[in-house]
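Novice: predicted model follows, preceded by the sequence.
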Amino acid sequence: MPINTKSDDSYERFSASVKAGRIGKLYIFHGEERYLLERSLGDLRRLLCPDGLGSFNYKRFEGKDINTVALEETIDTLPVLAERTFIEVHDFDLFKGKKTSETDIEDKGTPKSTKRAKSTERDEKQILAELFQNLPDYVCVVFVYDTILYKPDGRLKLDKELLGHAQVVDFAIQEQSKLIKWITRHFEAAGKRISGHDAGYLALITDGYMATLVGEIEKVAAYSDGASVTRTDIDAVVTPVPSAFAYKLTDALFERKNSVAMQILDELFQMREPAHKIIYNISLKMRQLLAARVCIDNSLGKDALMSICGIRYDFQASTLLQTARKTSLSKCRDLVLLCAEAANDLNSTPEPEARLVELIARLAYNT
């Protein structure tokens, strides 16, 4: 499944402001890159709750355990021996907008015994908007979208109002240049060098998630004997994600290493990867190869291919173009059609694994 990467600079702006000591009162954190998100939460905790005062001035809530009344009470609580209270709220959907009941007492100068209770209903989003508009300076509240989907509706007035009070930080998977620099720095910290090409390869086979990469970098650095990490070192200790297995499988086919391709397929079966997902990734690579051939025939370069296919890594595009130069446009079309035919068959066959083996055999014959 392609990873969502964006040019949104909200994380960079947030990081710069925190480093400069400018911490806001209200944030919304969301995005796929959990490593950066968790590190940012840790930075805020360290800065706002120093000297062991976290037990007094740090509050964490799960969405199912908090409502607008409890949140308001927590916000109204003054910090202890510190300037700020830090409040984390995980998986509370700000934009769901359910109704909440409130009870008011009508008082028109009548005796207490004759005062009349009046029950009203208000939209939870309206209550939150009013609360956020008047946040005190002594709090920092962070809403973290962890397991629930961050999905405000920009057409709704209240959603716009809620977003207008908060700094929204999107922790997206980092783009190629930033991620490769980050990988390079982590290897340098471990006393190793790595080329940009091999750093890109490591990012590809781990899906580019920093949380995964941290552990894999440690493993590769410990395994490598030389001053520089090689692709051989990476392949020796890093287990690729399933989509990268499919990438390696198709590479083996075009290198005429058919036994290697079958071995990779068997590994995917042992990982209990669903047949439909395997064929999706193989088909994706074949469509990318067809796009590469089209680019070659129309004198388009690597940048065009990356744009057309949503490819993140330079070396991946270069490899596709290199492979496409060894084949023809018609043969690329045939490979795509073979994948489409097999994908259609998987919907009705009682033996999907056997159909995948047949597909790999036919692809090997036609490459």
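Specialist: Arrived safely.
Novice: which parts of this structure belong to which domain?
Specialist: For the chain, automatic domain parsing gives the domain ranges 10-107+115-170, 175-239, 240-367.
Novice: what about the first one, start to end distance?
Specialist: As for domain 10-107+115-170, its first-to-last residue distance stands at 6 Å under the measure C-alpha to C-alpha, to the nearest Å.
Novice: please apply the same query to the second one.
Specialist: Separation of the first and last residues of domain 175-239 by C-alpha to C-alpha is 22 Å.
Novice: doesn't V169 belong to a helix?
Specialist: No - using DSSP: H, G, I helix; E, B strand; the rest coil, the secondary structure at V169 is strand, not a helix.
Novice: what's around it, how many residues?
Specialist: V169 is surrounded by 22 other residues when neighbours are defined as other C-beta atoms under 10 Å. Where you see a C-beta, it was placed from the backbone N, CA and C, and this is true even at glycine.
Novice: I figured it was touching D8, is that so?
Specialist: No - assessed by C-beta atoms under 8 Å, V169 is found out of contact with D8, at 9.0 Å.
Novice: just to revisit the earlier point, can you redo the domains of the chain as CSV with mean pLDDT?
Specialist: Listed next are the domains of the chain as CSV, based on pLDDT from 0 to 100:
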stretch, mean pLDDT
domain 10-107+115-170, 84
domain 175-239, 93
domain 240-367, 90
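Novice: so how far is V229 from V238?
Specialist: 11 Å (C-beta to C-beta, to the nearest Å).
Novice: anything in contact with each of these two?
Specialist: Residues touching both V238 and V229 (C-beta atoms under 8 Å, 6 or more residues apart in numbering) are V220.
Novice: where exactly do the strands run in the stretch 51-200 of the chain?
Specialist: Taking DSSP state E, counting those that start in this stretch to define them, one finds strands in the stretch 51-200 of the chain at 58-62, 85-90, 99-106, 116-123, 139-144, 167-170.
Novice: quick one, what contacts Y209?
Specialist: Residues counted as contacts of Y209 (C-beta under 8 Å, 6+ apart) are E32, E33, R34, Y35, I173.
Novice: which ones among these map onto helices?
Specialist: R34, Y35 (DSSP state H).
Novice: out of the contacts of Y209, which are buried?
Specialist: Listed as buried from the contacts of Y209 are E32, E33, Y35, I173; burial here means 16 or more other C-beta atoms under 10 Å.
Novice: looking at those, which is nearest Y223?
Specialist: Set against Y223, the nearest of the buried ones among the contacts of Y209 by C-beta to C-beta is Y35 (21.8 Å).
Novice: would you confirm that E83 contacts Y138?
Specialist: Yes - taking C-beta under 8 Å as the definition, E83 is a contact partner of Y138 at 6.5 Å.
Novice: more neighbours, these two?
Specialist: Set side by side, E83 and Y138 show more neighbours around Y138, with 15 against 11, by other C-beta under 10 Å.
Novice: show the backbone phi and psi for that one.
Specialist: phi -90, psi 10 (degrees, to the nearest 10).
Novice: what of the one 10 residues further on?
Specialist: The phi/psi pair for I148 (degrees, to the nearest 10) reads phi -100, psi 160.
Novice: show me what contacts it?
Specialist: Residues in contact with I148 (C-beta under 8 Å, 6+ apart) are G63, D91, D93.
Novice: neighbour count added to those, as JSON lines?
Specialist: Below are these laid out as JSON lines (neighbours: other C-beta atoms under 10 Å):
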{"residue": "G63", "neighbour count": "19"}
{"residue": "D91", "neighbour count": "15"}
{"residue": "D93", "neighbour count": "16"}
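Novice: closest to K257 out of those?
Specialist: Nearest to K257 among these is D91, at 46.0 Å by C-beta to C-beta.
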